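Peer 1: I'll drop the sequence and a predicted model, then ask my questions.
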Amino acid sequence: MHIDVHNKKTFYSSSGREIDLNQPTIIFVHGSGLTHVTWVLQTRYFAFHGYNTIAVDLPGHGYSDGPPLETIEEMADWVSGLINVLGVKKASYVGHSQGCLIGLEFAYRYPEKLQLLALINGSLSMKMNPELLSLAQNKDQRAVDLMMDWVHGPLGQIGGHPVPGLNHIGMGNQLVKSNNNGTLGYDFGACDKYINGLKAAQSIKTPTICIIGKHDRMTPKKVGLELSKAINNSETNIIEDSGHMSILETASETLSLLKKFFKKYN
Amino acid sequence: MAEPKTYKFNTKSLHTGHQPDKNFGSRAVPIYQSTSYLFQDSDHAAALFNLEQGGHIYTRISNPTIAVLEERVAALEGGSSALATASGMSAMMLAILSICSAGDHIVASSQLYGGSFNLLRLTLPRFGIETTFVKPRDIEGFKKAIQPNTKLIFGELIGNPGIEILNLPEISKISQEAHIPLIIDGTFNTPYLCNLFDLGADVIIHSLTKWMAGHGTSIGGIIVEKGQFDWKKDNKFPTMTEPYPGYHGLSFAEEFGPAALTMRARAEGMRDFGPCMSPVNAFNILMGIETLSLRMDKHISNTKIMVDYLSKNENVSWVNHPSLHNHPDHELAKKLLPNGQGSMIAFGVKGGRKAGQAFIDSMKLTSHLANVGDAKSLVIHPASTTHSQMDKKSLELAGLTEDMIRFSVGLEDMEDIINDFENGFRAAKKINK
């Protein structure tokens, strides 16, 4: 589905469902260099169980026109614009990795538009490894290779994808490459620059769930716990077998936690 | 400079896709010889049927043993995903039928396995899908053959049985310019000898029966999807992009992105056509893949011995292998296949058809049968067997001659195979007298 947000063609997947304004809406925002496809093992459930699911491609990602946005603050404003265009007053927000930083800033800037907040593999800030940042900004393929190594835990490295036939590293690699070359550099740069995470987290009054991967090397368990601690009304869940890609590596566990969370508050 | 520590080829061959199970810690991949799988409850059942979550329903659609094989081959090729099938032919059929509908058109290399050639030439036209064949060295011919309704280009990197090398980087430029996927049969090269995705393929199919399994025990095929083809661009691929009523308006390209073709081929192809692999075959093929690199290295070194032997043999009228300097594609083969140019040799026995038959009939150790890529050395006379359903014109188009012997070099001590061949040449000589 394509709509115009801030005068740019924006794609979102609603799992083939029409938006029903009488239903609650959940916006899913992907991580650095990725697209809406990462959410398929969560969104399809909610789309067929009474929710509007809006799994977006951020500007310059997937099927959305570019260029990519350069700061987390701009991305938070863009999410607000998306909600306006959708015609809903409030929406829940589910973010993964970089999507968590956007979620924090969105919650800080637009608390009136936020219903529930889910932060998966998130942290208060994401200072990037300088070498990785430099490679990504120089459009070097090694940035993607390193990312695929570091985002996957032991389970993702060996495999055993929940969807028969899919390969974690191959799928992730191709997803990143499906974006315009250079998008990853914009995303890593935006994450690296973001400094308002603690203040934003402390402002949140919305019920929040934080999902942490025990083997996460990008946003390790320790920083995931700091994020959760900074949010007043937050519950914390650690997934035993997961790396940084909980939404795929341990898709069913992640979905179960989200289902329980949304059921509790809706 | 940090280096990624993701697993390398041999480690993937042995491990990818399999976590030892938590119940028994089985180190080998278990054979899940089960038609179906218990649902936790009706919600779980509904979620599986609606592709809301991953898992297995019925072995025709997916199976835990087969899923390990699929993930392993996808990882070895560097693709997003893979779908294993009952045979290489069914992999080809499902790949094509997941993209093409009646009224669509294919451009294909004329140098193909006989079954592949006949599927395109005789069978698919009955369903409204036509193919234009182009000789593999006629690069411009591929470009000229593309029509507005062309939906894919199909070929083999190492042609069967003529052993021509398809100039994949050049053909890939043509397919990219026309925005149609390039599907390559990689059976003869395997992911060990070259990476077809790096050379420009969008989709790889394999007959796993051959070198991948390697032991002549099990029939199987696979479709491997790279995941970079943009199905939405130009609105040319409705099976990938338009809402599919079979799954509540699902668009495979939008929902599954890099795995769109794999998911379509499984969700529709396996559901409606049903050419599934057996779990036992998946296990056997996995056992073969565990030693793929070791076997391929030996196949290649043995091939070198046999190419040298045949090239110097006075009873042989011609030898065809891309490693030979007089092979028209020698330089291209060295570039595209640096780890070895395959273990198929074609040669002619002096004396023509009857001499060739006498040679084959006298084999004691080398097996005369319709397969390639076994650990054992194999020979066949294509004109009277694998390609026998072709008329004279089609044989010419496929580059076949009546004296051609197709030789799949095995892993035996080549001294023993040479002794066997010596007997064969003695028998051929008697015919010639």
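Peer 2: Perfect, thanks for sending it.
Peer 1: my guess is residue B:284 contacts residue B:213, does it?
Peer 2: Yes - counting by Cβ atoms under 8 Å, residue B:284 does reach residue B:213; the two are 6.2 Å apart. The way it works is simple: take the backbone N, C-alpha and C, and place the C-beta from them, glycine included.
Peer 1: More neighbours: those two, which one.
Peer 2: Taking other Cβ atoms under 10 Å in any protein chain shown, residue B:284 and residue B:213 do not tie; residue B:213 has more neighbours (27 against 21).
Peer 1: can you confirm that one is in a helix?
Peer 2: No - assignment of residue B:213 by DSSP: H, G, I helix; E, B strand; the rest coil gives coil, placing it outside any helix.
Peer 1: Need phi/psi at it.
Peer 2: Main-chain torsions, residue B:213, degrees, to the nearest 10: phi -80, psi -50.
Peer 1: And residue A:211, by the same measure?
Peer 2: According to degrees, to the nearest 10, residue A:211 has phi -110, psi 130.
Peer 1: Surely it is in contact with residue A:254?
Peer 2: Yes - counting by Cβ under 8 Å, residue A:211 does reach residue A:254; the two are 6.0 Å apart.
Peer 1: what about the residue positioned nearest the centre of chain B, which helix or strand?
Peer 2: Centroid-nearest residue in chain B, with Cα atoms, centre = their mean: residue B:206, separated by 2.4 Å. Secondary structure from DSSP states H and E places residue B:206 in strand B:203-207.
Peer 1: still on that earlier bit, need the contact list for the residue nearest to the centre of chain B.
Peer 2: Counting by Cβ atoms under 8 Å, 6 or more residues apart in numbering or on different chains, residue B:206 touches B:73, B:88, B:91, B:185-187, B:190, B:212, B:221-222, B:224.
Peer 1: So for stretch B:201-210, mean pLDDT?
Peer 2: Taken as a whole, stretch B:201-210 has a mean pLDDT of 98.
Peer 1: And for stretch B:143-160?
Peer 2: 96.
Peer 1: swap in stretch B:117-125?
Peer 2: 96.
Peer 1: For chain B, just list every one of the strands.
Peer 2: Secondary structure of chain B (DSSP state E): strands at B:81-85, B:105-109, B:130-134, B:150-156, B:182-185, B:203-207, B:221-225, B:316-320, B:344-349, B:367-368, B:378-380, B:404-408.
Peer 1: Distance of the closest residue to residue B:207 other than its chain neighbours relative to residue B:78?
Peer 2: Leaving aside its sequence neighbours, residue B:207 sits nearest to residue B:88 (Cβ to Cβ, 6 or more residues apart in numbering or on different chains; 2.6 Å). As judged by Cβ to Cβ, to the nearest Å, residue B:88 and residue B:78 stand 20 Å apart.
Peer 1: Show me which of those two is the more surrounded one.
Peer 2: Under the neighbour definition other Cβ under 10 Å, residue B:88 and residue B:78 were set side by side, and residue B:88 has more, 24 against 21.
Peer 1: Quick check: pLDDT value at that one.
Peer 2: Note for residue B:88: predicted pLDDT of 98.
Peer 1: repeat for residue B:339
Peer 2: So residue B:339 comes in at 93 (pLDDT).
Peer 1: who's in contact with it?
Peer 2: With contact set as Cβ under 8 Å, 6+ apart, residue B:339 has these partners: B:192-194, B:296, B:300.
Peer 1: redo that, cut-off 7 Å
Peer 2: B:192-194 (Cβ atoms under 7 Å, 6 or more residues apart in numbering or on different chains).
Peer 1: mind listing what the strand holding residue B:206 pairs with, with the direction of each?
Peer 2: strand B:182-185 (parallel), strand B:221-225 (antiparallel) (DSSP bridges).
Peer 1: okay, these, which one's buried deepest?
Peer 2: Ranked by mean neighbour count, the strands paired with strand B:203-207 are led by strand B:221-225 with a mean of 32 (mean count of other Cβ atoms under 10 Å in any protein chain shown).
Peer 1: neighbouring contacts of that one?
Peer 2: Counting by Cβ under 7 Å, 6+ apart, B:70, B:73-74, B:77, B:79-91, B:94-95, B:203-208, B:259, B:261-262, B:265 sit against strand B:221-225.
Peer 1: What mean pLDDT does that strand get?
Peer 2: For strand B:221-225, mean pLDDT is 98.
Peer 1: and if you look at stretch A:202-211?
Peer 2: 97.
Peer 1: can you list contacts of it?
Peer 2: A:107-108, A:111, A:114, A:116-120, A:122, A:224, A:227-228, A:230-237, A:239, A:246, A:254, A:257, A:261, A:265.
Peer 1: now the end-to-end length of that stretch.
Peer 2: Stretch A:202-211 has an end-to-end distance of 18 Å (Cα to Cα, to the nearest Å).
Peer 1: Looking at the contacts of residue B:206, which one is closest to residue B:137?
Peer 2: Closest approach between the contacts of residue B:206 and residue B:137, by Cβ to Cβ: residue B:185, at 17.3 Å.
Peer 1: what's the closest non-adjacent residue to that closest one?
Peer 2: residue B:156 (4.4 Å).
Peer 1: Pop the domain breakdown of chain B in here.
Peer 2: B:9-288, B:292-432 (automatic domain parsing).
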